[in-house]
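[1] Just need the structure, nothing else, for what follows:
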Amino acid sequence: MRGWQWAVRLLTRQMWFRAGLFCVFAVLLALASAFLGHTISYDFAAKVGSKSVDGILNLLASSMLAVTTFSLTAMVQAYAGATSNITPRAVQLLIDDSTSQNALATFLGSFLFAIVGIIALSTGIYGNTGRVILYAGTILVILFIVVTFLRWIQHIARFGRVSDTIDRVERAATDAVRRMMQAPRFGATDSVSVPNDASVIHHERIGRITHVDLAQIGEVADAIGANIHLISIPGHLVDPAKPLAWVRATIDDDQACLIRDAFTIEHHRTFDHDPRFGLVVLGEIAARALSPAVNDPGTAIAVIEAGTRVLAAALRHRPGEEQSPPARVTVPPFAFSDMIEDVFRPIARDGAGTIEVGLRLQKALAALVAVDERASADCRNEAQDAVDRGRTGLSSERDIDDLSRLHHTLWSKGVAEAS
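    As a prediction, the model looks like this:
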């Protein structure tokens, strides 16, 4: 995805964008009646009874203002609840929710349509034939409001709840996995080695990478006739001391600037191209649920299952042609060991004293090995860490024996099937 496409995508996800578009449409619909009125015959206008449009618009304006206020209040309450009871990092997914944005845009646009219609009617610019167009537009807006309101009633019942937020984070993380340039790498994280004769590109800003314009970097690589090797990828924290990329060729300041500008740096991580961030947020949800103040192991188990599905998608991921980087650009893969730790390490730490969580965690790690045996070493290390924490955190000897027995069954001679 090019940089301008990424910027447009971020723009269209802003809450004000859809509301603004619908408001513009509503104003145009209200004013179009004055210019299209000549297409309606006077006799037809007299039969339709469009004089009642004044009362309908007044009713629409008063009711839509109340509905808009109610909807905005419900959304703000959902954001506040997610911030305090789930995790602040998941709130962005609620803000980006298309159903709530469409509902707010519809109600606000309908209110503006009614206000503009009332003002225009008071000036007398419509006439009897223009009122017919306005009457038809009002009926259309009311039908649209009814459909949107029915969808909004069903949606608001789950919006911002724990299960709904877990599902949203899982979908966002899975989508990010499907956008990965490479399949995950197994084993310990390798240290980055840059040749002494290489030209290294740094960034002046400090922040998180949210997007990389690989096409722009590929154009620079073709121009200099050398491969460009990325070191930093979406999710990484960069600063002037950390390199972004290196190339074994001489590059001028303009080419270095093009490479640097291909990296979008923001203050906060985003879900789109950073699957590890989605896993981190899932881990935070489980950690909050396992805190003594909440004590909700069921939510932690739901997070384990969601995280297992995301990690399984990463194991099955085979980049297609549309995900592949340009020929002269190399992109480092995500380390699978890091992805496992992002979601399961907080659960193993905070759920060490809960036997149900410990057992489910062992089974989840075993399930990942069944998906791809190359993940065996990484999963085994995490399973051993979890069982060690469980032996320390559990107060019941029977629980410790059950956890140790399951761990031995699953990992002593490879991974067996577990239900």
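[2] buried residues in the lengthiest helix in the chain?
    Counting residues, the longest helix found in the chain (DSSP state H) is helix 53-85. For helix 53-85, the neighbour count (16 or more other C-beta atoms under 10 Å) marks 53, 56-57, 60-61, 64-65, 67-68, 71-72, 74-75, 78-79, 81-82 as buried. For glycine as for every other residue, the C-beta is placed from the backbone atoms N, C-alpha and C.
[3] Residue 195 against residue 248, yeah?
    Yes. Counting by C-beta atoms under 8 Å, residue 248 is a contact partner of residue 195 at 6.3 Å.
[4] neighbour count winner among these two?
    residue 248 (14 against 11; other C-beta atoms under 10 Å).
[5] which residues does the more buried one contact?
    195, 197-199, 226-227 (C-beta atoms under 8 Å, 6 or more residues apart in numbering).
[6] Kindly reformat these as JSON lines and extend each row with secondary structure, distance to residue 105 and pLDDT.
    Shown next, in JSON lines, are the contacts of residue 248 (DSSP: H, G, I helix; E, B strand; the rest coil; distance: C-beta to C-beta, whole Å; pLDDT from 0 to 100):
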{"residue": "195", "secondary structure": "coil", "distance to residue 105": "53", "pLDDT": "82"}
{"residue": "197", "secondary structure": "coil", "distance to residue 105": "56", "pLDDT": "82"}
{"residue": "198", "secondary structure": "coil", "distance to residue 105": "50", "pLDDT": "86"}
{"residue": "199", "secondary structure": "strand", "distance to residue 105": "48", "pLDDT": "88"}
{"residue": "226", "secondary structure": "coil", "distance to residue 105": "48", "pLDDT": "90"}
{"residue": "227", "secondary structure": "coil", "distance to residue 105": "46", "pLDDT": "91"}
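[7] Of those, just the buried ones, PyMOL syntax please.
    Those of the contacts of residue 248 that count as buried under 16+ other C-beta under 10 Å are selected in PyMOL with:
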select buried, resi 199+226
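[8] Can you name the two of the contacts of residue 248 that sit furthest apart?
    197 and 227 (13.9 Å; C-beta to C-beta).
[9] Packing partners of the longest helix of the chain?
    helix 91-95, helix 98-123, helix 127-156 (3 or more C-beta pairs under 8 Å, 6 or more residues apart in numbering; DSSP states H and E).
[10] what residues go with each domain of this protein?
    According to automatic domain parsing, the chain comprises the domains 3-160, 275-318+333-411.
[11] can I assume residue 182 is in contact with residue 336?
    No. At 11.3 Å, residue 182 does not count as touching residue 336 under the criterion of C-beta under 8 Å.
[12] pLDDT of the longest helix of the chain, averaged?
    Across helix 53-85, the average pLDDT comes to 87.
[13] I'd like to know how many residues surround residue 377.
    15.
[14] got the contact list for it?
    By C-beta under 8 Å, 6+ apart, residue 377 lies in contact with 186-187.
[15] after the helix or strand it falls within comes which helix or strand?
    For residue 377, the host element (DSSP states H and E) is helix 376-393. Per DSSP H and E, helix 376-393 leads on to helix 397-411 as the next helix or strand towards the C-terminus.
[16] Alpha carbons of that next one, as CSV, please.
    Extracted in CSV, the C-alpha atoms of helix 397-411 (Å, rounded to 0.1, in the frame of the first residue of the first chain):
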residue,chain,number,x,y,z
GLU,A,397,-1.0,-29.8,45.7
ARG,A,398,-3.6,-31.6,43.7
ASP,A,399,-3.8,-28.7,41.3
ILE,A,400,0.0,-28.7,40.9
ASP,A,401,-0.1,-32.5,40.2
ASP,A,402,-2.8,-32.1,37.6
LEU,A,403,-0.9,-29.3,35.8
SER,A,404,2.4,-31.2,35.9
ARG,A,405,0.7,-34.4,34.7
LEU,A,406,-0.9,-32.6,31.7
HIS,A,407,2.4,-30.9,30.9
HIS,A,408,4.2,-34.2,31.0
THR,A,409,1.6,-35.9,28.9
LEU,A,410,1.7,-33.2,26.2
TRP,A,411,5.5,-32.5,26.0
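[17] what about it, distance to the chain center?
    37 Å (C-alpha atoms, centre = their mean, to the nearest Å).
[18] Please identify the buried residues of it?
    Result for helix 397-411 [16+ other C-beta under 10 Å]: buried residues 399-400, 402-403, 406-407, 410-411.
[19] Then stretch 5-25?
    6, 10, 13, 15, 18-19, 22-23.
[20] What of stretch 310-327?
    310-315, 317, 319, 325-326.
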